[in-house]
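>>> build me a structure from this.
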Amino acid sequence: MTLEEAMKYRGETVRSLAKATETAPSCVKRWVQPGGLERLSAVRLQQIARALDGGVLVTEDGCEVELYGGKAR
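Next up is the predicted model:
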């Protein structure tokens with residue numbers, strides 16, 4: 001799933017994900033754009049995965065977010 005879909009599923013907003021990853025909301029807005037995760041460092045992808053209780057899978061087609069468990073965190 002995309003980052004935007006994962007955020008909606010977990011009930012996260014741009015602001016709450018920015019706070020969880022200690023970055024500016026404008027950065028999160030760039031990440032949810034198509035291809036927005038592709039140029040991020042491994043450390044940043046780990047922060048996003050941790051904040052969403054999931055993982056980020058990097059493929060030749062781009063990045064996908066996989067979530068663990070149900071909606072409740």
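
>>> just for this structure, where's the confidence low?
Low-confidence segments of the chain (pLDDT under 70): 71-73.

>>> distance from the centroid: which residue in the chain tops it?
When each C-alpha in the chain is compared with the mean C-alpha position (Cα atoms, centre = their mean), Glu60 comes out farthest, at 17.9 Å.

>>> gap between that one and Glu38?
11 Å (Cβ to Cβ, to the nearest Å). Where you see a C-beta, it was placed from the backbone N, CA and C, and this is true even at glycine.

>>> again, but for Cys63
For Cys63 relative to Glu38 (Cβ to Cβ), the value is 6 Å.

>>> between these two, which one's more packed in?
More neighbours surround Cys63 than the other of Cys63 and Glu38, with 19 against 11 (other Cβ atoms under 10 Å).

>>> and Phe15, what does it touch?
Not quite, residue 15 is Arg, not Phe. Going by Cβ atoms under 8 Å, 6 or more residues apart in numbering, Arg15 touches Pro25.

>>> what about it, which helix or strand?
Arg15 is part of helix 14-20, with elements assigned from DSSP states H and E.

>>> quick one: buried residues of that helix?
By 16 or more other Cβ atoms under 10 Å, the buried positions in helix 14-20 come out as Val14, Leu17, Ala18.

>>> which residues of this protein fall in strands?
Along the chain, the segments classed as strands by DSSP state E run 54-59, 62-67.

>>> so Glu66 is in contact with Val58, correct?
No: between Glu66 and Val58 there is no contact under Cβ atoms under 8 Å: 11.4 Å.

>>> contacts for the longest helix seen in the chain?
Criterion DSSP state H: the longest helix present in the chain is helix 42-51. With contact meaning Cβ under 8 Å, 6+ apart, helix 42-51 is reached by 3, 12, 17, 20-22, 31, 37, 40, 55-56, 58, 63, 65.

>>> I'd like the buried residues of helix 14-20 as JSON lines, with distance to Cys27 appended.
Listed next are the buried residues of helix 14-20 as JSON lines, based on distance: Cβ to Cβ, whole Å:
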{"residue": "Val14", "distance to Cys27": "9"}
{"residue": "Leu17", "distance to Cys27": "10"}
{"residue": "Ala18", "distance to Cys27": "7"}
